[in-house]
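In: the following comprises the amino acid sequence and a computationally predicted model.
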Amino acid sequence: MADVVISEHVAKAISLVLDIQVLGVVFASAIFGLFVGAIPGLTATMAAALLVPMTFFMPPLPALGAVVAVSAMAIFAGDLPAAMLRMPGTPASAAYAEESYAMALQGKLELNLSTNLVCSVAGGLVGVGFLMLAAPWLAEVAIHFSSFEYFWLSCLGLSRASLISGKQTSHALLSLLFGLGFACVGIDPVTGVARFTGESIELAAGIHLIPSMIGAFALSELMRSSAEQGLSLAPVQEKVGALFSNIRFVARTYWQNFLRGSLLGTAIGALPGAGADVAAWISYAMAKRFSKQPEQFGKGHLEGIVESTSSNNAALGGAWIPALVFGIPGDSVTAIVIGVLYMKGMNPGPSIFSQTPDLVYALFILFILANLLMLPLGWLAIKLAARLFRTPRALLLPMILMTCVLGSYAMTNSSFGIVLMLFFGILAWLMESHDIPIGPMMLGIVLGGLLEQSFMTSMIKADGHIIGFFERPIAAGLSVITLCVWSIMLYRLLSDISNQNARRQE
């Protein structure tokens, strides 16, 4: 009987999706998402936010379909400037930007971009599959995470900093400390005291991720290119030929990385407050941790790209799990989605499946449609991007700088965003000049706030007793894993120091 009811809902949902207005809105939103995501300085969150005023005049289904399509396309499109210019279009592409660019320098642009496209589509479909089949269970697991579990999870994520970078462990830890220091700027989450703000109202809100990311990755690359090569980027393969000629080889060789990245991305996306960028960083680190060729990472190795790009797209579907079932945003995009749901009279929570089942199933179908639409539109975007980036560098780089300035200003609605971009751009340039990676610093900014808030909340709950961090089963398991990783990091750090002393003696 239940199967008959579900079949009726699915049939009704299909008829709703096949409406010409719904399909037209999804297609237009997909084009818009590709455009926004491919421009360094703009983000998937910004693209979704820009669509919200337009959703006021739409029925519920096309309004939600617009957000689904624009976010999925923007996450993939961020890979294009990362590969061709070493400038991630979105934070979700930052984890493997250097890897992608290194492949392009080796003449493997087609292999890189085709892998990004196919893994983005397939990873997105895996995330949607879990959203459809396992939403109640995964959301229940996520909702039972307390501050103790989030503390160990953030520690585990930060511990991957030494694995993200191919540099020395000591340099990676130094970069991570920079990021954690910047994460302390702003209002203390427990006491409400302003820290390191210098009586600046703007700094009281903390270090905004987007302008800092734009400065660290995009502006620093512009500065390096201008200083070293006179307004020219390092030569990459400009012609994109047959995109899918090597996909079978990739599927046979890296299918385990794809599965691990997709599953991990879905799980991380289902955790409130995580999102596609955190999923990409952790998946890249996991790929290097379990790789048989870890020394190849950072030199144009496909393994980390497969796992990360599968993960960040799968996280999109995972982030909708707590948003739909419990009304808790999984990331910044679903925070916007919850507002749209309330605006359209669809209150998120367990009752949404019983009150509006047709719209929920239609939303699932739109997810599948958006990911399948990514394949032809993504192919077209790659072809057009290759032509765009053949624009004379003296014209292209100022255009990119302008979008970086506009993106930084838009995210803070003040010139302070531009100041942040300039600061982190100069800092990242100086760091890389001294062989200090910038990836761990950005990871520290992303997870630093979660680490501090979860630690302070946990200490209050445990009355200051450290044993409270090990009492809950999931927290205890995460603590064992984290402590093992710390032991490995300590061993690597001591090995680096020993090698440096040996070189000095020679």
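Out: That came through fine.

In: let me know the average pLDDT across the host helix or strand of Val360.
Out: According to DSSP states H and E, Val360 maps onto helix 357-388. Taken as a whole, helix 357-388 has an average pLDDT of 84.

In: so what secondary structure elements neighbour that helix?
Out: Counting contacts by 3 or more Cβ pairs under 8 Å, 6 or more residues apart in numbering; DSSP states H and E, helix 357-388 packs against helix 2-17, helix 20-37, helix 60-77, helix 79-85, helix 109-133, helix 302-326. Yep, even glycine has a C-beta here, placed from its N, CA and C like the rest.

In: how about whichever strand or helix holds Leu451, which residues are buried there?
Out: Of the helices and strands defined by DSSP H and E, Leu451 is found in helix 439-461. Buried positions in helix 439-461, judged by neighbour count with 16 or more other Cβ atoms under 10 Å: 439-459.

In: export the helices and strands packed on helix 357-388 as TSV, with columns for mean pLDDT and mean neighbour count.
Out: Converted to TSV, the helices and strands packed on helix 357-388 look like this (pLDDT from 0 to 100; neighbours: other Cβ atoms under 10 Å):
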stretch	mean pLDDT	mean neighbour count
helix 2-17	71	13
helix 20-37	88	20
helix 60-77	86	28
helix 79-85	82	29
helix 109-133	86	24
helix 302-326	83	31
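
In: can you redo the ones you listed as CSV with distance to Leu372?
Out: CSV is the format used below for the helices and strands packed on helix 357-388 (distance: least, Cβ to Cβ, whole Å):
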stretch, distance to Leu372
helix 2-17, 12
helix 20-37, 11
helix 60-77, 10
helix 79-85, 18
helix 109-133, 7
helix 302-326, 13
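
In: next, the angle helix 109-133 makes with the helix holding Val360.
Out: 170 degrees (axes from the mean of the first three to the mean of the last three Cα atoms, to 10 degrees).

In: give me the mean pLDDT for whichever helix or strand comes after helix 357-388.
Out: Using DSSP H and E, the helix or strand that directly follows helix 357-388 along the chain is helix 393-412. Mean pLDDT, helix 393-412: 73.

In: cool, stretch 477-495 as well?
Out: 80.

In: cool, and stretch 261-270?
Out: Stretch 261-270 comes out at a mean pLDDT of 85.

In: now the angle from the host helix or strand of Ala172 to helix 439-461?
Out: In this structure, Ala172 is located in helix 169-183 according to DSSP H and E. Relative orientation of helix 169-183 versus helix 439-461 (the same axes, to 10 degrees): 60 degrees.

In: now for the helix or strand following helix 169-183, which elements pack on it?
Out: Later in the chain than helix 169-183, the nearest helix or strand by DSSP H and E is strand 186-187. When contacts are defined as 3+ Cβ pairs under 8 Å, 6+ apart, strand 186-187 packs onto strand 194-195, helix 201-204.

In: for those, give me JSON lines that also has mean pLDDT and mean neighbour count.
Out: Below are the helices and strands packed on strand 186-187 laid out as JSON lines (pLDDT from 0 to 100; neighbours: other Cβ under 10 Å):
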{"stretch": "strand 194-195", "mean pLDDT": "84", "mean neighbour count": "14"}
{"stretch": "helix 201-204", "mean pLDDT": "82", "mean neighbour count": "14"}
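
In: so who does Gly300 touch?
Out: Each residue near Gly300 by Cβ atoms under 8 Å, 6 or more residues apart in numbering is listed here: 99, 102-103, 105-106, 108.

In: returning to what we had before: the helix holding Leu451: how far from the chain's middle?
Out: Relative to the centre of its chain, helix 439-461 is centred 17 Å away, using Cα atoms, centre = their mean, to the nearest Å.

In: again, but for stretch 99-111
Out: With Cα atoms, centre = their mean, you get 21 Å for stretch 99-111.

In: ok, stretch 33-45 next?
Out: 13 Å.

In: start to end distance for it?
Out: End-to-end distance for stretch 33-45, by Cα to Cα, to the nearest Å: 10 Å.

In: sweet, I'm off.
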